[in-house]
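Undergrad: Only the shape, not the letters, is given here:
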């Protein structure tokens, strides 16, 4: 009885915790049905936008972890990227090399900006979000000043394609076709594997040398990674595989199959480990076997003609997705480092962090630097995919949309995960794709849904900020409010305290 | 030397820079050969145009909700009131039936609608802000944005008959900018309109002395509003409200309901926002719908901060000085900039930098140090 009750309670709390996400999913579903768009169109659009936007959304997670809230200051990272892109295009570089040069210019700029923003936020503790928002606008003003007046006005720049005819100020849009467009998207899989192989080779060699100099203990894992990458590199020379890998786009069907195979292998390894190494405990087998069956079921579903059609239609750019996966891995693994632990402590309680000897201000600054750098890279991915660089508009909405997407995924001011970011991007951008068509069908006016979309993105931020503030107040009021329930009111603060320190 | 330092401390660095910049722009523009009378007319016009919107910040700050970025709520109420009043005036054909009194009635009706809606919305908004104490500014910014986005949908779906409001040949949707020339535009501030449409005994409302335009009607209205707000904060209710904003614990212990005072302050701020946008529109001569009011809250906040207000304290003098300096710079910068380099958007860039810079400065002054 009580078990069923607690299960019900648990289900209820899961529903309650994800209410924003569920409500948004319902809106999306309604809009999809209304729009009457084909599934291929929607899925294709969603995957394009995942590749384009997820990196920036993932850049928001670390500041949330460190207690800085939603980082409205990522606009500044985007600005760093755009300054780099302008100069790279002006100097006439293009392709993957041009993109690397952009990264090389944008990163130190973003580090500097992030450092300054972090320092500023340390002067405004508790008001980081509003400060970040205003700072974004302020930085936008300075950016406009540089691009409208300084470039051409003070720094002599001569390029009629980029500069307004008077010779002062940068044009509204810069066409990236032929230089940076698809610089990341169009990297072939073979090249990715080669680059990865040579990078791992160099690292392993260094490690081996260090091992013989007795400065580094060579672990089994290091060699295992090298072996796997080497094997992949070797396989890529088999003609059939080489032909398959020499394109830059991967069909969704192939990607899904690959992911399913990897998942299945992982589950098989788990099963094998439980059976032969740990010996026994058949209870532990239930989960992997269920996952294995699910993988098989999903693979079976791909043979349904309608789904197969969609999966064959959609093609993914490979490198952006790998970068996104890499960032997810980074966010996840940062937690297990000392820096990540420090950030989490600072995020939970600054006074506790201070008492345990963590340099709070420095940790916060580092979080801001990482976030700003990641945001600048995210903007580079975004720009090369869009292909036209809107000089004065590309960065203005970036924080707004990224934060809205993150919140739609169920994140809050204090907690955000990779999963929430990805779910949020999918939901938020599904609405973006289908809303105009749905509006046309519903109101005979696609403009209305355009506005509805903007309203939703503002509204979802307003709502979650308000809910966060509300919760915080309730939490602060909890000890006196819970007083009468407890026999000894003085116990309340004592029991409340360890929870904060956890 | 000591008095000099005192003056500096009282002014603060940004105010000093902005003040000096304003004087520099004034001197430069006169040196460049622009007519001082025209410049001063423009400065005064813009000063009064934005004045009431900035005045709306005072009750918010005094009652403790901080910088009311959510004044967009009041602005939306004011705009909706104006639109409704204009439509009624069109449907009832007031301009032919009532003649010179028609614009007055439209203006009053717009104010009435705006104030009623703003009072209701402001109260609800105050209730919300009481639930989010400590994060009012972030929440109110996004509530403001949401309201403007929501109103965009409203503007787009309203089907009005008045041709000055709605797009021609379309059953639905209002214009981005609706001219008020056939309605209450310039009624208190534009000499040409006043001479053309109003009887002779009302010609004092706005007149020209040589090249200098004196919008006496608008000065009177704005002055009265300032006076009322000043008076209000000397009344028992107003003092209690300031107390609520200053020290919540102390005020609670002296038997004042802090939450109620905050709601009242928010509501008054919202109502002043509604009145402010209507006066803004009548001075400007156009009703700006859709995204035009999105950043007006920021401009108002920046103005009062430039005037010397903090996140906790604001006075009428801050409103007057701040609006004069902020709008003065924007007005005088345009001709000067155009003379030096031909970049028309530079004053706009200047506005963004100054307004957000001063807000950042004020935030860094209040929320400093380790908590």
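TA: All right, it came through fine. Everything quoted here is computed from the prediction, not taken from an experiment.
Undergrad: Show me which helix runs longest in chain B.
TA: helix B:102-131 (DSSP state H).
Undergrad: report the angle between the axes of the very next helix or strand once past that helix and helix B:102-131?
TA: Counting by DSSP states H and E, the next helix or strand C-terminal to helix B:102-131 is helix B:136-157. Angular relation of helix B:136-157 and helix B:102-131 on a 0 to 180 degree scale: 140 degrees, by axes from the mean of the first three to the mean of the last three Cα atoms, to 10 degrees.
Undergrad: Please name the nearest non-neighbouring residue to the residue in the stretch 201-350 of chain A positioned nearest to chain B.
TA: Residue nearest to chain B within the stretch 201-350 of chain A: residue A:350 (7.0 Å; Cβ to the nearest Cβ). In short, each C-beta sits where N, CA and C put it, glycine included. Leaving out its chain neighbours, the residue that sits closest to residue A:350 by Cβ to Cβ, 6 or more residues apart in numbering or on different chains is residue A:360, at 5.3 Å.
Undergrad: Please list all residues in contact with residue B:353.
TA: The contact partners of residue B:353, by Cβ atoms under 8 Å, 6 or more residues apart in numbering or on different chains, come to A:138, A:141-142, A:145.
Undergrad: near chain B too, which of those?
TA: The subset of these within reach of chain B, by Cβ under 8 Å from any Cβ of the partner chain, is A:138, A:141-142, A:145.
Undergrad: Turn those into TSV, including secondary structure, neighbour count and distance to residue A:326.
TA: Shown next, in TSV, are the ones next to chain B among the contacts of residue B:353 (DSSP: H, G, I helix; E, B strand; the rest coil; neighbours: other Cβ atoms under 10 Å in any protein chain shown; distance: Cβ to Cβ, whole Å):
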residue	secondary structure	neighbour count	distance to residue A:326
A:138	helix	22	32
A:141	helix	20	34
A:142	helix	17	32
A:145	helix	18	35
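Undergrad: Check those residues and tell me the two furthest apart.
TA: A:138 and A:145 (10.9 Å; Cβ to Cβ).
Undergrad: Where does pLDDT dip in the stretch 351-500 of chain A?
TA: A:446, A:477-500 (pLDDT under 70).
Undergrad: Contact residues of it facing chain B?
TA: A:354, A:360, A:443, A:445, A:447-448, A:451-452, A:454-455, A:458-459, A:461-462, A:465-466, A:468-470, A:472-473.
Undergrad: May I see the PyMOL selection of the buried members of those?
TA: Here is the PyMOL command that selects only those of those that count as buried (16 or more other Cβ atoms under 10 Å in any protein chain shown):
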select buried, chain A and resi 360+443+445+447+448+451+452+454+455+458+459+461+462+465+466+468+469+470+472+473
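Undergrad: show me the biggest helix of chain A in terms of residues.
TA: What stands out as the longest helix in chain A, according to DSSP H, is helix A:446-482.
Undergrad: Name the residue of the stretch 151-300 of chain B with the shortest distance to chain A.
TA: Closest point on the stretch 151-300 of chain B to chain A, by Cβ to the nearest Cβ, is residue B:152, at 4.2 Å.
Undergrad: who's in contact with that residue?
TA: By Cβ under 8 Å, 6+ apart, the residues touching residue B:152 are A:451, A:454-455, B:290-291.
Undergrad: So, low pLDDT: which residues of the stretch 201-350 of chain B?
TA: Looking at the stretch 201-350 of chain B by pLDDT under 70, you get B:341-344.
Undergrad: what are the ranges of the strands in it?
TA: B:207-209, B:212-214, B:286-288 (DSSP state E, counting those that start in this stretch).
Undergrad: Buried residues of the second one, list them for me.
TA: Judged by neighbour count using 16+ other Cβ under 10 Å, the buried positions of strand B:212-214 are B:213-214.
Undergrad: Parallel or antiparallel, which strands does that strand pair with?
TA: strand B:207-209 (antiparallel) (DSSP bridges).
Undergrad: For the residue nearest the centre of chain B, give me the pLDDT.
TA: The centroid of chain B falls nearest to residue B:53 when counting by Cα atoms, centre = their mean (1.7 Å). With respect to pLDDT, residue B:53 scores 91.
Undergrad: Where does it sit, in terms of helix or strand?
TA: helix B:36-55.
Undergrad: which is the next helix or strand following that helix?
TA: helix B:57-63.
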